[in-house]
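# Test case, fold it:
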Amino acid sequence: MFGTIQTNRKHLPKEMLTKNAPLAKHEYKVAQAGELPFSVWMDTKAVCVVSNYHCPGQAGTVNRRSGHVEQQQLVVLATLADYQQNMKGVDLYRRNSGGTLAAHNAHVVAKESNEEYCRREWPRFQDFLEDLVENLVDISTSSRAPPNLLVA
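Numbering: from 1, shown residues only. Predicted structure coming up:
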């Protein structure tokens, strides 16, 4: 397991949270959260990470400007370095997955409601998605018309 964690989760070491122990820019602290190593790093804002994949003291590097024109390498925990390296992909996934997840859930519900119809009309998820978008565009376009022109 490896990832960020919200500071309001149970069983985190309260003395590690930034409101209880303020950190300077790019400073980090490590503690145990139960069986998991828990790290807090002050980047632009505090980043809290847990990992059972990394050794607690294992070092890594990140690139930061820190007021300089050129980026400089900072030594941080490997957990934080991996987080920084991979967070852009996670952020893009989170940003883009909301609509896709809703469409997927709608597809699952539709299949459970009438599996035979779904298999015939939407053999692939892409077919369902295209039909869904067409219907949403039709609804959106027709709802912009003056009320007396809408056909029931």
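# Mind listing the residues bridging to Gln73?
Asn63 (DSSP bridges).
# so who does it touch?
Thr61, Val62, Asn63 (C-beta atoms under 8 Å, 6 or more residues apart in numbering). Every C-beta, even on glycine, is put in place using the N, C-alpha and C of the backbone.
# Which among the residues you listed count as buried?
Among the contacts of Gln73, those buried by neighbour count (16 or more other C-beta atoms under 10 Å) are Val62.
# Tell me where the chain has strands.
For the chain, the strands defined by DSSP state E cover 2-4, 28-33, 36-42, 46-51, 59-64, 72-77.
# any chance of those strands in CSV, with distance to Val133 and mean pLDDT too?
As requested, the strands of the chain are exported to CSV (distance: least, C-beta to C-beta, whole Å; pLDDT from 0 to 100):
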stretch, distance to Val133, mean pLDDT
strand 2-4, 32, 77
strand 28-33, 43, 80
strand 36-42, 41, 81
strand 46-51, 36, 82
strand 59-64, 40, 86
strand 72-77, 43, 86
